[in-house]
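Q: Got a predicted structure here, sequence first:
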Amino acid sequence: MHIQYGNILSRYQYHQKFYRNLHRLPDKKACNSTLYRQICFESLSSYTSTIKTNGLKLCTKALTVTLKAASNTSRLVKSLSKEGNLSKVEAGIIKDCIDEMGDSIDMLKQSLKALGSVNGSEIEFQISNIKTWMSATMTDETTCTDGIDERKISDEVMRKIRKTIVNISMLTSNALALINKLLG
(Lines give C-alpha, C1' and ligand atoms only; values in the text may rest on other atoms or scores of the structure.)
Protein backbone atom coordinates (compact mmCIF):
# COMPACT_ATOMS: atom_id res chain seq x y z
CA MET A 1 0.00 0.00 0.00
CA HIS A 2 2.86 2.38 0.84
CA ILE A 3 4.54 1.75 -2.52
CA GLN A 4 1.32 2.47 -4.35
CA TYR A 5 0.89 5.77 -2.48
CA GLY A 6 4.49 6.74 -3.28
CA ASN A 7 3.93 5.91 -6.94
CA ILE A 8 0.79 8.06 -7.06
CA LEU A 9 2.62 10.92 -5.33
CA SER A 10 5.50 10.58 -7.80
CA ARG A 11 3.12 10.76 -10.76
CA TYR A 12 1.38 13.77 -9.22
CA GLN A 13 4.73 15.55 -8.78
CA TYR A 14 5.68 14.71 -12.37
CA HIS A 15 2.39 16.14 -13.69
CA GLN A 16 2.84 19.28 -11.56
CA LYS A 17 6.37 19.77 -12.89
CA PHE A 18 5.21 19.20 -16.47
CA TYR A 19 2.43 21.79 -16.30
CA ARG A 20 4.60 24.27 -14.39
CA ASN A 21 7.37 24.03 -17.01
CA LEU A 22 4.89 24.07 -19.88
CA HIS A 23 4.32 27.79 -19.55
CA ARG A 24 7.65 28.82 -18.04
CA LEU A 25 10.15 27.98 -20.76
CA PRO A 26 11.22 31.29 -22.29
CA ASP A 27 11.97 31.07 -25.99
CA LYS A 28 15.36 32.85 -25.97
CA LYS A 29 16.77 31.06 -22.94
CA ALA A 30 15.44 27.71 -24.10
CA CYS A 31 18.13 27.34 -26.75
CA ASN A 32 20.78 27.51 -24.03
CA SER A 33 19.83 23.95 -23.11
CA THR A 34 20.76 22.70 -26.60
CA LEU A 35 24.12 21.62 -28.02
CA TYR A 36 23.71 23.74 -31.14
CA ARG A 37 22.48 27.05 -29.73
CA GLN A 38 23.03 29.16 -32.82
CA ILE A 39 21.12 26.72 -35.03
CA CYS A 40 18.37 26.61 -32.40
CA PHE A 41 18.06 30.41 -32.39
CA GLU A 42 18.17 30.63 -36.19
CA SER A 43 15.65 27.85 -36.78
CA LEU A 44 13.10 29.14 -34.25
CA SER A 45 13.58 32.92 -34.32
CA SER A 46 10.93 33.54 -36.97
CA TYR A 47 8.34 31.82 -34.77
CA THR A 48 8.81 33.87 -31.59
CA SER A 49 5.43 35.59 -31.91
CA THR A 50 3.60 32.24 -31.98
CA ILE A 51 5.85 30.51 -29.45
CA LYS A 52 6.04 33.37 -26.91
CA THR A 53 6.81 31.65 -23.60
CA ASN A 54 4.83 28.46 -24.21
CA GLY A 55 7.18 25.49 -23.90
CA LEU A 56 4.85 23.07 -25.63
CA LYS A 57 4.55 25.36 -28.66
CA LEU A 58 8.32 25.78 -28.69
CA CYS A 59 8.89 22.01 -28.72
CA THR A 60 6.20 21.53 -31.35
CA LYS A 61 7.78 24.17 -33.58
CA ALA A 62 11.26 22.66 -33.09
CA LEU A 63 9.89 19.27 -34.16
CA THR A 64 8.06 20.82 -37.12
CA VAL A 65 11.25 22.56 -38.30
CA THR A 66 13.16 19.28 -37.95
CA LEU A 67 10.51 17.34 -39.86
CA LYS A 68 10.55 19.89 -42.68
CA ALA A 69 14.35 19.70 -42.93
CA ALA A 70 14.22 15.89 -42.90
CA SER A 71 11.64 15.90 -45.69
CA ASN A 72 13.79 18.26 -47.77
CA THR A 73 16.83 16.07 -47.20
CA SER A 74 14.90 12.98 -48.18
CA ARG A 75 13.93 14.67 -51.45
CA LEU A 76 17.56 15.64 -52.07
CA VAL A 77 18.82 12.11 -51.42
CA LYS A 78 16.10 10.67 -53.67
CA SER A 79 17.09 13.08 -56.45
CA LEU A 80 20.72 11.97 -56.09
CA SER A 81 19.59 8.37 -56.54
CA LYS A 82 18.27 9.27 -59.99
CA GLU A 83 21.61 10.53 -61.25
CA GLY A 84 22.86 8.20 -63.95
CA ASN A 85 26.54 8.46 -63.13
CA LEU A 86 26.43 6.63 -59.77
CA SER A 87 28.43 3.51 -59.15
CA LYS A 88 26.66 0.46 -57.70
CA VAL A 89 28.23 1.21 -54.32
CA GLU A 90 27.03 4.83 -54.39
CA ALA A 91 23.54 3.75 -55.46
CA GLY A 92 23.46 1.26 -52.55
CA ILE A 93 24.60 3.86 -50.03
CA ILE A 94 22.01 6.33 -51.26
CA LYS A 95 19.28 3.68 -51.11
CA ASP A 96 20.25 2.94 -47.49
CA CYS A 97 20.10 6.66 -46.68
CA ILE A 98 16.67 6.94 -48.31
CA ASP A 99 15.45 4.10 -46.09
CA GLU A 100 16.98 5.67 -42.96
CA MET A 101 15.48 9.06 -43.81
CA GLY A 102 12.07 7.46 -44.33
CA ASP A 103 12.31 5.92 -40.87
CA SER A 104 13.41 9.25 -39.39
CA ILE A 105 10.50 11.08 -40.98
CA ASP A 106 8.03 8.49 -39.68
CA MET A 107 9.38 8.80 -36.13
CA LEU A 108 9.39 12.59 -36.27
CA LYS A 109 5.74 12.50 -37.37
CA GLN A 110 4.91 10.11 -34.51
CA SER A 111 6.69 12.40 -32.07
CA LEU A 112 4.86 15.46 -33.34
CA LYS A 113 1.51 13.70 -33.12
CA ALA A 114 2.24 12.45 -29.60
CA LEU A 115 3.41 15.89 -28.50
CA GLY A 116 0.12 17.32 -29.72
CA SER A 117 -1.83 14.95 -27.50
CA VAL A 118 0.27 15.04 -24.31
CA ASN A 119 -2.15 15.09 -21.39
CA GLY A 120 -3.78 13.22 -18.58
CA SER A 121 -2.51 10.17 -16.80
CA GLU A 122 -0.44 9.00 -19.76
CA ILE A 123 1.98 11.95 -19.80
CA GLU A 124 5.01 9.96 -18.66
CA PHE A 125 4.34 7.21 -21.18
CA GLN A 126 3.81 9.68 -24.03
CA ILE A 127 6.95 11.64 -23.19
CA SER A 128 8.96 8.45 -22.90
CA ASN A 129 7.78 7.42 -26.37
CA ILE A 130 8.66 10.81 -27.83
CA LYS A 131 12.16 10.64 -26.36
CA THR A 132 12.61 7.10 -27.69
CA TRP A 133 11.48 8.06 -31.19
CA MET A 134 13.69 11.16 -31.23
CA SER A 135 16.70 9.12 -30.12
CA ALA A 136 15.97 6.52 -32.80
CA THR A 137 15.75 9.32 -35.36
CA MET A 138 19.23 10.46 -34.38
CA THR A 139 20.48 6.88 -34.75
CA ASP A 140 19.00 6.64 -38.26
CA GLU A 141 20.67 9.89 -39.25
CA THR A 142 24.01 8.69 -37.90
CA THR A 143 23.62 5.36 -39.69
CA CYS A 144 23.23 7.22 -42.98
CA THR A 145 26.40 9.27 -42.47
CA ASP A 146 28.31 6.23 -41.19
CA GLY A 147 27.43 4.42 -44.41
CA ILE A 148 28.90 7.29 -46.38
CA ASP A 149 32.09 7.36 -44.31
CA GLU A 150 32.71 3.61 -44.45
CA ARG A 151 32.41 3.13 -48.19
CA LYS A 152 33.88 4.58 -51.33
CA ILE A 153 31.69 7.36 -52.58
CA SER A 154 32.48 10.41 -54.67
CA ASP A 155 33.38 13.56 -52.76
CA GLU A 156 30.56 15.49 -54.41
CA VAL A 157 27.84 13.00 -53.42
CA MET A 158 29.35 12.66 -49.94
CA ARG A 159 29.36 16.45 -49.38
CA LYS A 160 25.76 16.88 -50.52
CA ILE A 161 24.41 14.12 -48.29
CA ARG A 162 26.64 14.76 -45.29
CA LYS A 163 25.85 18.49 -45.12
CA THR A 164 22.10 17.99 -45.02
CA ILE A 165 22.19 14.97 -42.69
CA VAL A 166 24.44 16.80 -40.22
CA ASN A 167 22.00 19.73 -40.24
CA ILE A 168 19.07 17.42 -39.49
CA SER A 169 21.05 15.70 -36.73
CA MET A 170 21.68 19.05 -35.07
CA LEU A 171 18.01 20.06 -35.37
CA THR A 172 16.93 16.68 -33.98
CA SER A 173 19.38 16.98 -31.09
CA ASN A 174 18.07 20.47 -30.32
CA ALA A 175 14.43 19.36 -30.45
CA LEU A 176 15.19 16.48 -28.08
CA ALA A 177 17.05 18.82 -25.70
CA LEU A 178 14.08 21.21 -25.67
CA ILE A 179 11.70 18.33 -24.96
CA ASN A 180 13.97 17.17 -22.13
CA LYS A 181 14.08 20.73 -20.77
CA LEU A 182 10.31 21.12 -20.98
CA LEU A 183 9.43 17.75 -19.55
CA GLY A 184 12.57 17.16 -17.52
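A: Structure's in. What do you need? Numbering: from 1, shown residues only.
Q: and whatever helix or strand I148 lives in, how far from the chain's centre?
A: Here I148, judged by DSSP states H and E, is contained in helix 123-150. Relative to its parent chain, helix 123-150 has a centroid offset of 8 Å by C-alpha atoms, centre = their mean, to the nearest Å.
Q: Begin at 47, not 1, for the rest of this chat.
A: Got it, the first residue is 47 from now on, which makes the last one we talked about helix 169-196.
Q: Show me what that helix is packed against.
A: helix 48-68, helix 134-162, helix 201-229 (3 or more C-beta pairs under 8 Å, 6 or more residues apart in numbering; DSSP states H and E). Just so you know, the C-beta spots here come from the backbone N, C-alpha and C atoms, and that holds for glycine as well.
Q: avg pLDDT for the shortest one?
A: Here the mean pLDDT over helix 48-68 is 46, rounded to a whole number.
Q: In the protein, where is pLDDT below threshold?
A: 47-74, 98-99, 229-230 (pLDDT under 70).
Q: if we go to 80?
A: 47-76, 93-101, 130, 165-168, 193-199, 228-230 (pLDDT under 80).
Q: If you count neighbours, what's buried in the helix holding I194?
A: 169, 172-173, 175-176, 179-180, 182-184, 186-187, 189-191, 193-194 (16 or more other C-beta atoms under 10 Å).
Q: quick one: contacts for V212?
A: Contact analysis of V212 by C-beta atoms under 8 Å, 6 or more residues apart in numbering lists T191.
Q: can you tell me how far it sits from K206?
A: 11 Å (C-beta to C-beta, to the nearest Å).
Q: Equivalent analysis for N165, please.
A: For N165, the distance to K206 - C-beta to C-beta - is 41 Å.
Q: more crowded one of these two?
A: Counted by other C-beta atoms under 10 Å, N165 and K206 do not tie: K206 has more neighbours, with 16 against 11.
Q: Okay, that one and L132: tell me how far apart.
A: 12 Å.
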